Structures are given as structure tokens and as C-alpha cells.
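Participant: output the structure for:
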Amino acid sequence: MTHPPKSSAAPPPAGPAVPAIPSQPGSPTRVGPPPAPRRTAFAEGVEQVRAAATTEPGRLRIIGAVLALLVVAFGAVTAWQASERAAAADDVLHRSQPLSSGAAGIYRSLADANTAASSGFLAGGQETAASRDRYEKDIRTAAAGLVTAAANAEPGSPSEATIAKLNRLLPEYKGLIERARTYNRQGYPVGGAYLRYANEKMQKEMLPAAEDLYTKENQRLDADYGNATPYPWVAIALGVLALAALGWAQQRTYRHTNRVLNHGLVAATAATTVVLLWLVVGHAVARSGLGGSYDHGIRSLKVLHDARIASLKARGNENLSLVARGAETVTVGGQTYDAYYYDFDKDMTVLGKGLTEADRLADDRTGTEPVKAAEGNMAVWKKRHTSARTEDENGNYQQALDMVIGGKGATGECFDSVDRNLALAIDHEQAEFKQAAGDGRDAMTGLPIGAAVLAVLGAAGAVAGIGRRLSEYR
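Facilitator: Coordinates of the predicted model:
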């Protein structure tokens, strides 16, 4: 019997025993090592980029994507920052400065109404229709200004509370003035007490509230200037970075191909350069215009408004000194003074300093002439006031009254001239502000849209330029 030949091959060595993984009842049994944890999408993307960077086409694709991203980011940030500054410049011209002037107008109208009321009271039964109309016009102007301010106040803001307070006090003040007039016509001395009470409400409650509103509107104006003038450093830095990257890409292309120009990259560089120059030059011009509108407009307007208000308060105190006839006194440094004469002197000091400052700030003849005329009027006013005060202190009340509210040669004539010349100076400075602020705002016109469009074109040019190089590898 023959037997099959035995194989000479040795049996395979037994491998290491794989331990059986215990299984839960009802689940299939798994044999083998656990699977490796799955990588995140970000890790896979990094690995793909790293693999692509090992070949020239891959590197070109990465360069093209980075260039396009930089140019688009530059355009987007430029459009954003330019839009913000243009909006702030427009707010300066059309919102905050008009509201600031409106708040000053409310203050002036209230002070002038108080002055007109005291002048009419002194005239008694001979109050002129012009004096009465002036008072009524001032009250209407103040009320209209409060309506405008209320429409533009932020809900729940301190300005809204101040406006509400003035709206509450204005009818109370009008009621006191009407009572004073009524009793004055009937010859009752209590009319003077009502007028002094109305003046106290005006001086201690209404005018401080109006001044507070004026201060808050000026703060809003300063905030808008602060938002409109800072340099857009983020956009400028991105523009410089984008230009540097485009320059490096063109230098790299030249080293690899010996071609001087890549049309797509040149177009992207040109678009980026235009946007950067537009941004820098446009903002510089806008900043210059807005700075000029503040230095030669806003600063002068603030000084002139304060001077005009001081003249109104001085005129009101001059009138009330004759109404009170020494009933109100104030003690300063151990000496007693008539309260209204004392306040008149303080107001005239403020007026003189304001006119001196306004003359210094005026930068042309049209702005200087009315200020110098007001200074001359004030000097004559002070001389006439001194004469009227002397007559009053000597007991010559009627002569003093004629020298204050009479016709030609009275202090009222000087006050009217001061007020008229200050109004002319304010109108001139207002026009200068509008011109300079408008020029500053217009310098940013079209920049946000232009930057966005040119950035898209620049990114397309960068992609096209890199695509031209990639086509050489196909």
C-alpha cells in the first residue's frame, strides 16, 4: 500500500491569541482591535492643504485663495469704516449741529421772552404791540424748539426728561406773566411780585434746564465729530497687507517664469491701490473739512450763543432792577447790593469776555465786523446804564425808567443793537460751518460702494492671474 507523501513544509506558527471581546446578550460578537477615532473636518482640511502644498499647482491654488480673501476683506472693511464715518459726518451736518443750535435757540427764546415781559411790565398801560408780539413770538419759538428736540431725543434719555420738565414749566411761567400783567394794568403792586416770581422760575428752573439740554446736545455733537474723524487704521493696514501680498505673488511668478507682468495680478494690484489711495486721500480731505467746520464754525457759534444769552440776561436784570426797586438784595463780601444790578454787572462781564473771544475766533472781515459793532454797542450800553442807575439811586425813578425803556438814547436801543449784531455774526458762522462740514462729508461720497466694487474686481483679477499660471500645468 502506498501512502501519500508527507509535506516538508512546516505548519505555520501559531499567532498570538486574540482575546474574545465579551458581548452583551443579544449583540453580535466583535473580534479585533477597536477602530481608530475619526478625524475632524478641520484636521482633514489641514491635511489636504498640506498635501496640496507639496505640488506647484496646489501652492498656486492656495496663493490665489489667500490673495482673493485679502482683497475682498480689505474692500469690505473699507466699505464698513467709510460708511460709518460718512454717516457720522452726515449726522454732524444734518442732525447734531442743528439740534445744538436748536437747544441754544430754546435758551435764547426763553431768556428773550423774560426780557420782553419785564420791558412790557415797566411800560405798564403803555406796553406797545411790538413788545407784546416779541414775547408771544419767543414763547412760540421755544415751544416749537421743544417739539423738535422731543422728536429727536432718545427714549428714556436725560434729554427727554429735561424736555418734559421744560414743557411742564412753560405754561406755569406764562400763567405767572399773565397774572403780573393783569394786576399791573389795574395798578396793584402785587403785579411786581408775580413778575419777580415768574423771573425766579425762569432763572432758577427753566434756564438751567435749557442750558442742560444745550450741554447735552453739544455732547452729542462732539460724539458725532469723534466718530467721523478718526483714521480707519484697520482698513489701511489691510490695504497695505493686500498690496504686499500681491507684490510678493508677482515677484514669485517672475522668478518661476521670467515673465515681468501677470495681467490678472497687475489688475488686482491696480484696483487695490486705487481703493487705498481713495480711502487715505478722501478721509484726509473729510477730516480737514470737518476739522475746519469745528474750529471756524462750532467754536465761534458756542461763544456767540453764550454772549447773546448773556446780553439777554443782562437786559432782563436791568429791567427787573427797576421793577423790584431795591426789594431784592444780595450780600457779597460783607456788602449788600441790589440783586438785579449785581447780576447785571456779572452778565456784562460775561458778554465782554464772549465778544473778545468771538473777535479772536472770527477769521474774516464778515465775521469780525458785527462782533466789533456789538463791542461798541456794549460800551455805550454800560455808560447809559451807569447814568440810569445813578438817577434811580437818587430817587429819580421816572428819569431812570425813561433812560432804560425810552426811545432814542435809552439802554434798550443799545441792547437791540448788540442782539442784532450778534445774530448777524451767528448767521455768518453758521454758513461757514455748513460749507466746511458739507465739503468734509462730500469727500467720502461714493467710497463705500466704490471700495466694494473695486475689491470684487481686484479679487477676480487675482484669481484670473493665478488661473493663468495653473493652465500651464494642464
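Participant: stretch 183-199 spans what distance, first to last residue?
Facilitator: Distance between the two ends of stretch 183-199: 16 Å, counting by CA to CA, to the nearest Å.
Participant: buried residues of that stretch, list them for me.
Facilitator: Using 16 or more other CB atoms under 10 Å as the test for burial, stretch 183-199 gives 183, 184, 191, 192, 193, 194, 195, 196, 198, 199. Heads up, the C-betas are built off the backbone N, CA and C, glycines and all.
Participant: and for stretch 67-83?
Facilitator: For stretch 67-83, by 16+ other CB under 10 Å, it's 67-68, 70-83.
Participant: kindly report the same for stretch 399-415.
Facilitator: For stretch 399-415, by 16+ other CB under 10 Å, it's 399, 400, 401, 403, 404, 405, 410, 411, 412, 413, 414, 415.
Participant: which one in these is the model shakiest on?
Facilitator: Lowest pLDDT among the buried residues of stretch 399-415: residue 405, with 83.
Participant: which secondary element of this structure has the worst mean pLDDT?
Facilitator: One helix or strand of the chain scores below all others by mean pLDDT, DSSP states H and E: helix 41-52, with a mean of 61.
Participant: for the residue nearest to residue 464 when sequence neighbours are not counted, give me its contacts.
Facilitator: Once flanking residues are discounted, residue 464 sits nearest to residue 264: 3.8 Å by CB to CB, 6 or more residues apart in numbering. Residue 264 sits next to 461, 462, 463, 464, 465, 466, 467, 468 when contact means CB atoms under 8 Å, 6 or more residues apart in numbering.
Participant: can you check residue 344 too?
Facilitator: Contacts of residue 344 by CB under 8 Å, 6+ apart are 314, 317, 318, 321, 385.
Participant: any idea which element it lies in?
Facilitator: Per DSSP states H and E, residue 344 falls inside helix 339-361.
Participant: quick one: list the elements packing against the longest helix belonging to the chain.
Facilitator: Taking DSSP state H as the criterion, the chain has its longest helix at helix 56-91. When contacts are defined as 3 or more CB pairs under 8 Å, 6 or more residues apart in numbering; DSSP states H and E, helix 56-91 sits against helix 41-52, helix 207-228, helix 233-257, helix 263-293, helix 411-442, helix 447-470.
Participant: so for it, what's the average pLDDT?
Facilitator: In this model, helix 56-91 has a mean pLDDT of 91.
Participant: and the next element down the chain from that helix?
Facilitator: Scanning forward in sequence from helix 56-91 by DSSP H and E, the next helix or strand is helix 97-123.
Participant: tell me the buried residues in that next one?
Facilitator: Within helix 97-123, the residues scored as buried using 16+ other CB under 10 Å are 97-122.
Participant: mind checking which residue lies nearest the centre of this protein?
Facilitator: In the chain, the residue lying closest to the centroid (CA atoms, centre = their mean) is residue 224, at 1.8 Å.
Participant: check contacts around residue 331.
Facilitator: residue 337.
Participant: from residue 202, how far out is it?
Facilitator: Note on residue 331: its distance to residue 202, by CB to CB, to the nearest Å, is 23 Å.
Participant: pLDDT weak spots in the chain?
Facilitator: 1-39, 41-54, 125-127, 258-260, 326-327, 473-474 (pLDDT under 70).
Participant: could the helices and strands packed on helix 56-91 go into TSV alongside distance to residue 178?
Facilitator: Compiled in TSV, the helices and strands packed on helix 56-91 are given as follows (distance: least, CB to CB, whole Å):
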stretch	distance to residue 178
helix 41-52	79
helix 207-228	20
helix 233-257	60
helix 263-293	43
helix 411-442	23
helix 447-470	55
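Participant: which residues does the residue lying closest to residue 294 once chain neighbours are set aside contact?
Facilitator: Leaving aside its sequence neighbours, residue 294 sits nearest to residue 225 (CB to CB, 6+ apart; 6.1 Å). With contacts defined as CB under 8 Å, 6+ apart, the neighbours of residue 225 are 88, 92, 290, 294.
Participant: in JSON lines, list the residues you listed along with neighbour count and distance to residue 361.
Facilitator: As requested, the contacts of residue 225 are exported to JSON lines (neighbours: other CB atoms under 10 Å; distance: CB to CB, whole Å):
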{"residue": "88", "neighbour count": "22", "distance to residue 361": "24"}
{"residue": "92", "neighbour count": "29", "distance to residue 361": "19"}
{"residue": "290", "neighbour count": "26", "distance to residue 361": "17"}
{"residue": "294", "neighbour count": "22", "distance to residue 361": "11"}
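Participant: which one of those residues sits closest to residue 389?
Facilitator: Closest to residue 389 out of the contacts of residue 225 is residue 294 (40.9 Å), distances taken as CB to CB.
Participant: distance of that closest one from residue 244?
Facilitator: Relative to residue 244, residue 294 is positioned 36 Å away (CB to CB).
Participant: cool, and residue 351?
Facilitator: With distances taken as CB to CB, residue 351 is found 59 Å from residue 244.
Participant: more neighbours, these two?
Facilitator: Counting neighbours by other CB atoms under 10 Å for residue 351 and for residue 244 shows that residue 351 has the greater number, 26 against 11.
Participant: contacting residues for that one?
Facilitator: 307, 310, 311, 314, 378, 418.
Participant: in helices, which of the residues you listed appear?
Facilitator: 307, 310, 311, 314, 378, 418.
Participant: for these, give me a markdown table that also has neighbour count and distance to residue 337.
Facilitator: As requested, the ones in helices among the contacts of residue 351 are arranged in a markdown table below (neighbours: other CB under 10 Å; distance: CB to CB, whole Å):
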| residue | neighbour count | distance to residue 337 |
| --- | --- | --- |
| 307 | 26 | 24 |
| 310 | 23 | 19 |
| 311 | 30 | 21 |
| 314 | 28 | 15 |
| 378 | 22 | 21 |
| 418 | 28 | 24 |
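Participant: and those as JSON lines, adding distance to residue 372?
Facilitator: Formatted as JSON lines, these follow (distance: CB to CB, whole Å):
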{"residue": "307", "distance to residue 372": "13"}
{"residue": "310", "distance to residue 372": "17"}
{"residue": "311", "distance to residue 372": "15"}
{"residue": "314", "distance to residue 372": "19"}
{"residue": "378", "distance to residue 372": "11"}
{"residue": "418", "distance to residue 372": "12"}
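Participant: and of the residues you listed, the nearest to residue 430?
Facilitator: Nearest to residue 430, judged by CB to CB, of the ones in helices among the contacts of residue 351 is residue 307 at 14.9 Å.
Participant: name the nearest residue to the closest one, ignoring sequence neighbours.
Facilitator: residue 354 (3.1 Å).
Participant: for residue 363, grab phi and psi.
Facilitator: Dihedral pair for residue 363: phi -110, psi 10, per degrees, to the nearest 10.
Participant: ok, it - contacts?
Facilitator: By CB under 8 Å, 6+ apart, the residues touching residue 363 are residue 296.
Participant: separation between it and residue 292?
Facilitator: According to CB to CB, residue 363 stands 10 Å off from residue 292.
Participant: tell me the one of the contacts of residue 344 nearest residue 391?
Facilitator: Closest to residue 391 out of the contacts of residue 344 is residue 385 (10.8 Å), distances taken as CB to CB.
Participant: which residue is the nearest non-sequential neighbour of the closest one?
Facilitator: Using CB to CB, 6+ apart, the nearest residue to residue 385 is residue 411, at 5.3 Å.
Participant: settle this for me: the one you found is touching residue 387, isn't it.
Facilitator: No - counting by CB atoms under 8 Å, residue 411 stays clear of residue 387, with 9.0 Å between them.
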